[in-house]
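In: Show me the folded form of this:
(6 chains)
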Protein chains: 4
Amino acid sequence: MTRRDAARNWQNIVDTGRAFLDEDRPLRLNEVAREASIGVATVYRHFPTAEALLETLARPSLEKLVADAEASLRGDDDEWAAFAGFLTAGINAQLADPAVQPVVAAATHELPETAELVARLNALTGELLAWVHAAGRIRPEVQRADVIRLMCGVVFAATVHAAPSERPALTRRYLDVVLEGLLRRDASDQGRGGGEPGR
Amino acid sequence: MTRRDAARNWQNIVDTGRAFLDEDRPLRLNEVAREASIGVATVYRHFPTAEALLETLARPSLEKLVADAEASLRGDDDEWAAFAGFLTAGINAQLADPAVQPVVAAATHELPETAELVARLNALTGELLAWVHAAGRIRPEVQRADVIRLMCGVVFAATVHAAPSERPALTRRYLDVVLEGLLRRDASDQGRGGGEPGR
Amino acid sequence: MTRRDAARNWQNIVDTGRAFLDEDRPLRLNEVAREASIGVATVYRHFPTAEALLETLARPSLEKLVADAEASLRGDDDEWAAFAGFLTAGINAQLADPAVQPVVAAATHELPETAELVARLNALTGELLAWVHAAGRIRPEVQRADVIRLMCGVVFAATVHAAPSERPALTRRYLDVVLEGLLRRDASDQGRGGGEPGR
Amino acid sequence: MTRRDAARNWQNIVDTGRAFLDEDRPLRLNEVAREASIGVATVYRHFPTAEALLETLARPSLEKLVADAEASLRGDDDEWAAFAGFLTAGINAQLADPAVQPVVAAATHELPETAELVARLNALTGELLAWVHAAGRIRPEVQRADVIRLMCGVVFAATVHAAPSERPALTRRYLDVVLEGLLRRDASDQGRGGGEPGR
DNA sequence: TATGAATGAGAATTCATTCAT
DNA sequence: CATGAATGAATTCTCATTCAT
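Out: Numbers count the residues shown, from 1 in each chain, chains lettered A, B, ... in the order given. Next comes the predicted model:
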């Protein structure tokens, strides 16, 4: 078979996998193969595991996310707006593409490309965070990993007991809460109490 | 009557199920039966589905949570402390008992007792929230469901890329952020910028 | 427990078993016990097997059949009418009581009472047949077992691709065919018709 | 392509299934698989349900039956002989192949091929019956469905309290009775006998 | 390289029967 | 004599992966 055929197959599998996610059926390589009218083994050749296919599906969203973050860093926005914009973009990506959330939250990745993408995402998160830290606008203890985690947490929160259609509105509100909570609050604020809430 | 035997078996199953959760193996009734050295059908008699066992496992934690919330409502703490204490307790329950999270986040419940417990939890959440609202100490748009969702979100956030041992510390910090973000911030604050973070 | 209680249980089981047959659910002693709100073991004590319960359920119908056959033999009807009446009664019993068919068709019986009842039924069939043979009104090769078999065959035929409500009408027609076919037909007979076989 | 293997497996399954029927063990796909030394899933791929396998097993017999019926319709026999021959063939098929009876008596069919075969059988039954009706040689009320039912009834009758080896003789006699009973009998007919219908 | 049939371990569930109380 | 919990073999079906062609 020619390269072209192989590419066609690859695309066919990816498209079918996407359709599975959209109807949120579990990504089963066997079923994907059947639905794509392609031999199982062919699918396995292209994507050794379901996870590999998932990462491939997530890739465009992740790339866009990385590109956006890079743009933010070089853009005209002030540091806080850039930071907030990045979180918003990350959240929206997770809502828009069901492949993103599991890949971002996963401890390890199957494909080196994914690992690298995620690493860049982390790095960019770090840079944005450093910028915000430098401006003294965020709680000093916040670290890179916290940002990623809070992003995932906001998405998850909007997922609990809520239909997909309600989620964008919920994440907007929840992110707003989180950002407000992350803001550094200096001397003049100190008096305002409420400060020491929980536990 | 084999009551005693039955009770022993029941306990045995519950304990074994607990062990599964602790080692976070999936709760499979068959395996639980095997490990408990109990006939499969006996397990099925006691717990028609894995979900039923899970809810049974979650029950003590949920009951404690409800009791604590009731105590908070009647206690001496001010409204904010009570509210924060409730969130903390809920989060800690989810961290301490792996059965709690899925049950709280589930859309429906198998056992009527669970449904009732969760309903009471919701009601108490509502009461605490109303109290805080009455004191004008929280963003006015926050609703009962938001509180539950944010609680789950904090737990989830602390779960991402983090070993179990790190989670308590993380949830403490994240809850702090969220509480800070939920606090109503009045006129005198308005100027302080950062105000419009989101999207 | 007193005898009276035992009798009540027995009746309860029988009634419940009957209900099962009527809704044609399979007779499962376990389920019968549950539905009757009686311990399984109690049911097993009264009826060691499902077959035993079935035979018990069939018994009244069989007894009535035997009684009717005896009456026919001693009655005023002519031999053919008695014979036809017996077949009709047997068929109707099978249609009316789902317990009858399997018991009549079974090769062996669990309960001695059933065995005896069936034996009497066979004997009576034989007597009626002998009477009809003596009058030269039936094909000479027909034997007792044939009569039973044809009876079952007619019932079964009416069961194929036919709703229960249609069956009585069908059996009537099919029995008519069979009786007509059994009639001895030789020159001298031609006029005699035997025309009035059925019911 | 594993076509050859697949075909071999298919045949193996069919043969094994046949053996089960012959020893009249219940057709259980798992057992068939084990006995055929073939993976369970392979069997399930070829035959999604036991019923599907049963119908496949019945197919050759049904096809032969259809072919015979078509031949009878076009053959030289007179209408009654053709009709009787068809019934005889149907009965013998049921006796010879245990798969036939349940398939013919079933209300619905799993495989479209079976449904079609049975439909053709019904149609042919109708044609033969129409021919016999046209010649005025059968009770006018007899319909197509009656013919099928009586065929099944004769087979069933021969099954009651009778070893397989006796059944052919019994069905011959019982069919004779039924055919005699179906014959139209009016004055002008009397001489014609129709006496020697079947077989 | 593509194919899709084959695999068989595994998961969920049911049921007739026994047995301890 | 009654109870109903316990049993575990049996059954049905699924799925991720391999392998022969």
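
In: CA only for contacts and neighbour counts going forward, please
Out: Noted.

In: so what secondary structure elements neighbour the lengthiest helix in chain A?
Out: With DSSP state H applied, the helix covering the greatest number of residues in chain A is identified as helix A:50-74. Helices and strands touching helix A:50-74, by 3 or more C-alpha pairs under 8 Å, 6 or more residues apart in numbering or on different chains; DSSP states H and E, are helix A:3-22, helix A:79-96, helix A:100-105, helix A:112-134.

In: I'd like the average pLDDT over it.
Out: Averaging pLDDT along helix A:50-74 yields 95.

In: in it, what's buried?
Out: Going by neighbour count (16 or more other C-alpha atoms under 10 Å in any protein chain shown), the buried part of helix A:50-74 is A:50-59, A:61-63, A:65-66, A:68-70, A:72-73.

In: again, but for stretch A:15-35
Out: Going by neighbour count (16+ other C-alpha under 10 Å), the buried part of stretch A:15-35 is A:16-18, A:20-21, A:27, A:29-33.

In: Enumerate the residues of chain A near DNA strand E.
Out: Chain A has residues A:1, A:5-6, A:9, A:37-42, A:45 near DNA strand E, with proximity defined as C-alpha under 7 Å from any atom of the strand.

In: Mind giving me the PyMOL command for buried ones among the residues you listed?
Out: Filtering the residues of chain A next to DNA strand E down to the buried ones (16+ other C-alpha under 10 Å) takes a single PyMOL command:
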select buried, chain A and resi 9+38
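
In: want to try TSV for the residues of chain A next to DNA strand E, with secondary structure and pLDDT as columns?
Out: Putting these into TSV (DSSP: H, G, I helix; E, B strand; the rest coil; pLDDT from 0 to 100) gives the following:
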residue	secondary structure	pLDDT
A:1	coil	52
A:5	helix	79
A:6	helix	79
A:9	helix	89
A:37	coil	91
A:38	coil	92
A:39	coil	91
A:40	helix	92
A:41	helix	92
A:42	helix	92
A:45	helix	92
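
In: Please tell me I have it right and residue A:133 contacts residue A:140.
Out: Yes - here residue A:133 lies in contact with residue A:140, judged by C-alpha atoms under 8 Å, at a distance of 6.8 Å.

In: who has more neighbours, these two?
Out: For residue A:133 against residue A:140, the residue with the higher neighbour count under other C-alpha atoms under 10 Å in any protein chain shown is residue A:133, and the figures read 19 against 13.

In: On the pLDDT front, check the more buried one for me.
Out: Per-residue pLDDT puts residue A:133 at 96.

In: Please determine how far it is located from chain D.
Out: Going from residue A:133 to chain D by C-alpha to the nearest C-alpha, to the nearest Å gives 60 Å.

In: Contact partners for that residue?
Out: Residues counted as contacts of residue A:133 (C-alpha atoms under 8 Å, 6 or more residues apart in numbering or on different chains) are A:139-140.

In: Ok, residue A:87 next?
Out: If a contact means C-alpha under 8 Å, 6+ apart, then residue A:87 has residue A:151 as its contacts.

In: From residue A:157, how far out is it?
Out: If you measure residue A:87 against residue A:157 using C-alpha to C-alpha, to the nearest Å, the figure is 15 Å.
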